[in-house]
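Undergrad: Based on what follows, work out the 3D shape:
(one chain, ligands or ions: 2)
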Amino acid sequence: MTTLSPQTAPGHLRSTGRDNEPPAAPAAPTSPPVLSVRDVRVSDHVTGREIVHGVSFELTPGRTVGIVGESGSGKTLTCRAALGILPAHFEITGGSVEIAGTDIAGLTPGQWTALRATTISAVFQDPASYLNPSIRVGPQIAEVLRVKKGLKRREARHRALELLRAVHLRDPELVYRQYTHELSGGMLQRVLIAAAICADPRILIADEATTALDVTVQAEILDLLADLRVRAGLALLIVSHDLAVVAQLCDEVLVMRQGEVVEQGPTRTVLRRPRHEYTRLLIAEHEQYGLDKFLVPQEAS
Ligand SMILES: Nc1ncnc2c1ncn2[C@@H]1O[C@H](COP(=O)(O)OP(=O)(O)OP(=O)(O)O)[C@@H](O)[C@H]1O
Ligand SMILES: [Mg+2]
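TA: Ligands and ions are numbered 1, 2, ... in the order given. Okay, here's the model as predicted:
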């Protein structure tokens, strides 16, 4: 397991000495949620086993919710449930998901297509499976921009190059013309992040999206996401094994184990005063890095 130490933590994540200032101005709590997940249950309909036993959280513009927990605890299935892309034999068997006020239960494929990229977007850990290996990567992003944002061919190319630059790819012109097999895992991950944010989504789900990147690039990408959160009111759902990232970026955290949310609340409260033994264990694993340094100021609660 890789873990951020204070020395290697992203630039904006390091303690600034201004510990009483929030890193971002959160949206007013009265903003309507852009994503509401209520008591969602996910089951494997082949075995009949329920895997995720009721997860609830809300994302409002500019807010970030984090999910942490052991491998296999249901973090990715929860994200996939919210995105309507569960693996073939899994289904939502309880609760509800609303995206921008619309219950996803009744959505047609066409309605999903309209929501994806512009309203809700995601980055997962296995970028290769989300990009077409037979099409150069730049044109794949440009195509999304043409379809979703109505950009002309030239504008779309220009914007795609800007995005490749924004995710800190060293030679955007070259990467634009390359195929997935010509890129490293870290480069692919950044291409996928560029693609995920290209149509200015309102919600971004980042499931271990920066884990494969080296710490400097990880810091730059997290800075970029934090900036979008402040400037564009992006609502973020972050899955990370890294409590330092969660402590810095997330307003609220859910701790999952074996498909259950064992603890949930404002990040600072959960990390400073964990109630569940499992949360204490997770924190103990990170304690050597001094999590306190990363904690954002307590919100009025
Ligand atoms: N495509 C799939 N086919 C079969 N079982 C799956 C599939 N995806 C997930 N599962 C099972 O569902 C459970 C939850 O998986 P999930 O991927 O949500 O875990 P996770 O918390 O994201 O773990 P990790 O931290 O390793 O990514 C696990 O027991 C896993 O084996
Ligand atoms: Mg996962």
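
Undergrad: quick one: residue 286 and residue 246 touch, right?
TA: No. Applying CB atoms under 8 Å, one finds residue 286 not in contact with residue 246, separated by 9.7 Å. Backbone N, C-alpha and C define where each C-beta goes, glycine included.

Undergrad: ok, the two, which is more surrounded?
TA: More crowded of residue 286 and residue 246, by other CB atoms under 10 Å: residue 246, with 28 against 20.

Undergrad: Okay, and the more buried one sits in which element?
TA: Secondary structure assignment for residue 246, by DSSP states H and E: helix 243-249.

Undergrad: One more: residue 41?
TA: Going by DSSP H and E, residue 41 is in strand 35-44.

Undergrad: That strand: partners in the sheet, and parallel or antiparallel?
TA: Within its sheet, strand 35-44 is paired with strand 49-59 (antiparallel), strand 90-99 (antiparallel), according to DSSP bridges.

Undergrad: now the helix or strand just after the last one: mean pLDDT?
TA: Next along the chain after strand 90-99, taking DSSP H and E as the criterion, comes strand 102-103. The predicted model gives strand 102-103 an average pLDDT of 96.

Undergrad: And for stretch 79-91?
TA: 95.

Undergrad: chain center to that stretch, what's the gap?
TA: How far stretch 79-91 lies from its chain's middle: 16 Å, per CA atoms, centre = their mean, to the nearest Å.

Undergrad: Can you list the buried residues in it?
TA: 79, 80, 81, 82, 83, 84, 86, 90 (16 or more other CB atoms under 10 Å).

Undergrad: Local confidence estimate at the residue in the stretch 201-301 of the chain that ligand 2 sits nearest to?
TA: When scored by CB to the ion, the stretch 201-301 of the chain has residue 207 as its residue closest to ligand 2, at 5.8 Å. Note on residue 207: pLDDT of 95.

Undergrad: For it, give the beta-bridge partners.
TA: residue 239.

Undergrad: thinking again about what came up before, I'd like the strands paired with strand 35-44 laid out as TSV, including distance to ligand 1.
TA: Formatted as TSV, these follow (distance: least, CB to the nearest ligand atom, whole Å):
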stretch	distance to ligand 1
strand 49-59	5
strand 90-99	7
